[in-house]
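Q: can't give you the sequence, but here's the structure:
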Ligand code: ASP
């Protein structure tokens, strides 16, 4: 029997989110920031930590049992090629949309000079911190990311959530090793992985019971941190940077609601409405956590249970996507870099804009799946096109809000590609929880 709407998880999350915004605004206007940080924010932190805690075990167990059940390893490399091709292709389209919109609407041209000076002064020290973080990234050689995929120690790799690609690599190796092992030896090991995977999925469901409270805590925290007991400041920021925000949001909306649906329509049998309803809990979590890494367990669960993507495809395509596929981030980086150039009166040549396409695609691959990572990589793009990177001070004030929206796009992109790959490999199964939702 269908649950009443208020018992369905995505509605509960929406309620937590709305109450969080309302409470956050009240707390900021009444000067309760410190109290809120002490007594409400920890619930959000706890929830996000639980999700991160489960990410490595989930990827490890589901990828090992997924790959080990593969009949032939060639299929894996074909799937890998298609996945990476689609990830890069969709990211390039996202950058082009961002560039087209920012060149069309030119939001940086009408930024008054005194607003520019104020913004620059207010966020100078924060901008310097991000620049030094970017400097560390720049020290690395062009092929270092390949070297980084292979860990020299299995335990160390699984002890760090930011080395998700290493976990993917180790799980793939173990899965392949098991397929090459005689049945009587591999079967008991596989049974253990299967059992562990089931247990981990149950834990994801348990954690999700806390989602409404977690999301409430996260939203309250975001708002009081943004407003710092002065809501007027947020209003001023939004009006100064309103047209820039609108261009980013408009670009993300085009990518999410035009490009993905077109791809889904042409390459999968899943109706677009069913797709969006199926992954809504993951999108809401992406919005409130600003982290595609923390959202990964829920993205995997929803793609399998609600869209019918097979375990094998979901456990390979989605962890890879959470680490290397960031369409929303790339689109935002394209808009932000041209906006900063416009605001300081620099005209970007076609060559510079082409550089943006290339560096934004590469930078989004290297961006960590955590809050605020996109703006650090933006420094690298700005330097590649010779725009002063101190310019990020202009947009830092509204970055958190845009981060929430670009993370939703990133997660939606991963789910779109997973569905397309599953359809192309004949691995789109009958979903366990068909539309409309029974639970999450
Ligand atoms: N927060 C984004 C993510 O986790 C990355 C970024 O754009 O900052 O997907």
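A: All right, it came through fine. In this text, all values refer to a predicted model and were calculated from it rather than measured experimentally.

Q: now the protein against the ligand: closest residue?
A: Going by C-beta to the nearest ligand atom, the ligand is nearest to residue 374 of the chain, at 2.7 Å. Any C-beta I mention is one placed from the backbone N, CA and C, and that applies to glycine too.

Q: give me the most central residue, this structure.
A: In the chain, the residue lying closest to the centroid (C-alpha atoms, centre = their mean) is residue 292, at 3.1 Å.

Q: residue contacts, that one?
A: Contacts for residue 292 (C-beta atoms under 8 Å, 6 or more residues apart in numbering) come out as 286, 299, 321, 322, 326, 369, 407, 410, 411, 414.

Q: go ahead and confirm the last one touches residue 314.
A: No - when contacts are counted by C-beta atoms under 8 Å, residue 414 is not listed as touching residue 314 (9.9 Å).

Q: ok so, going back, possible to save the contacts of residue 292 as TSV with pLDDT and distance to residue 305?
A: TSV is the format used below for the contacts of residue 292 (pLDDT from 0 to 100; distance: C-beta to C-beta, whole Å):
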residue	pLDDT	distance to residue 305
286	96	17
299	96	11
321	92	18
322	90	18
326	95	24
369	83	22
407	97	21
410	97	21
411	98	16
414	97	16
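
Q: low pLDDT regions in this structure?
A: Within the chain, the stretches with pLDDT under 70 are 1-2, 70-71, 137-138, 142, 161-162, 229, 434-440.

Q: host element of the residue sitting furthest away from the middle of it?
A: Distance to the chain centre peaks in the chain at residue 184, reaching 40.6 Å (criterion: C-alpha atoms, centre = their mean). Residue 184 belongs to helix 183-209 when assigned by DSSP states H and E.

Q: tell me the helix or strand right after that helix.
A: Later in the chain than helix 183-209, the nearest helix or strand by DSSP H and E is helix 211-227.

Q: the very next helix or strand once past that following helix: which residues count as buried?
A: Next helix or strand after helix 211-227 toward the C-terminus (DSSP H and E): helix 231-240. By 16 or more other C-beta atoms under 10 Å, the buried positions in helix 231-240 come out as 231, 234, 237, 240.

Q: list the contacts for the second one?
A: Right, residue 234. Here residue 234 is in contact with 28, 226, 227 (C-beta under 8 Å, 6+ apart).

Q: buried residues in stretch 193-213?
A: Neighbour-count burial for stretch 193-213, counted by 16+ other C-beta under 10 Å, picks out 193-194, 196-197, 200-201, 203-204, 207-208, 210-213.

Q: rewinding a little: now, of the contacts of residue 292, which are buried?
A: The neighbour-count test (16+ other C-beta under 10 Å) marks 286, 299, 321, 322, 326, 369, 407, 410, 411, 414 as buried among the contacts of residue 292.

Q: out of those, which sit inside helices?
A: Counted as lying in helices by DSSP state H, out of the buried ones among the contacts of residue 292, are 286, 299, 321, 322, 407, 410, 411, 414.
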